[in-house]
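# Here is the input, now give the coordinates:
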Amino acid sequence: MSRVETKSALDFERSAPPEAQAGATVAVLLHGRGSDKHDLQGLRPHLPATWVLVTPQAPFPGAAWGYGGGGAWYRYREADEVWMDTLRESLSRLDTFLGELPGLLGLEPGRLVLGGFSQGGTVSLAYAITRPGSVAAALNFSGFLAAEIEVDETGAAPPATPLFWGHGLGDPAIPFALAEKGRNRLRRAGAKLLAQDYRIGHWIADEEVRDAVAMVEATG
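The predicted model follows:
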């Protein structure tokens, strides 16, 4: 892993195999509330060796909202509600950042996967739904589907992006009932959703990452 100093839309860390070339799968993983760009680099050993892992830093200082010394992707209200102006800002910054990736990485990504933990998972779902087809898959580890993100629950316009949603049955931070609420919205919308449950709390299980990778690889 190497630290990258950059003037891009978001500061970030990356890890890549020395032989990474154009067409490589690039996984952009977003950290949770109060954490930072280093955190999800810890998943590197559980990802395919050929993948490039990019972990950006959230644009808002978490301390301003009482979230600790790391960053935040949005300001939280309650349950599955957020301050939408802050979420929109992060989505906009991600638009720019993902567009910059070829230059930042020195290669043209092949499959682009967006995912994250907790707040990062919430943002990944929001991005994939509001920008259909922009990423090959979205991976939500213990986040929620923000109530402010509209989905057509008639099933007339299913979300185009394959979605993975892993959640802990004993999650005290984002309760499992909230996960099921969001999943059911997506099911009614006709989303390509793989929902997997784990006997964990608010963290990412090794088998969860394996399940997410398997879904991505199955999408081709």
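# can you tell me the helix or strand for Leu53?
Using DSSP states H and E, Leu53 falls within strand 52-56.
# contacting residues around that strand?
Applying Cβ atoms under 8 Å, 6 or more residues apart in numbering, the external contacts of strand 52-56 come out as 10-17, 20, 24-31, 37-41, 43-44, 47, 94, 97, 101, 105, 107, 109. Where C-beta positions appear, they are placed from N, C-alpha and C, glycine not excepted.
# Now, those that are in strands?
By the criterion of DSSP state E, membership of the contacts of strand 52-56 in strands covers 12-15, 26-30.
# ok, so of the residues you listed, who is nearest Glu208?
Using Cβ to Cβ, the shortest approach to Glu208 within these belongs to Leu29, at 12.7 Å.
# need the contact list for the closest one.
40, 43, 53-55, 115-117, 120, 139.
# Can I get the buried part of these as one ChimeraX selection?
Here is the ChimeraX command that selects the buried residues among these (16 or more other Cβ atoms under 10 Å):
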select :40,43,53,54,55,115,116,117,120,139
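# Mind picking the one among the contacts of Leu29 that's closest to Ala189?
Within the contacts of Leu29, proximity to Ala189 (Cβ to Cβ) peaks at Leu139, which comes in at 18.2 Å.
# Please identify the helix or strand for the closest one.
Taking DSSP H and E as the criterion, Leu139 maps to strand 137-141.
# Please name the strands paired to the helix or strand following that strand in the sheet, noting orientation.
Proceeding N to C from strand 137-141, the next assigned helix or strand is strand 163-168, under DSSP H and E. The strands that strand 163-168 pairs with in its sheet are strand 137-141 (parallel), strand 193-198 (parallel) (by DSSP bridges).
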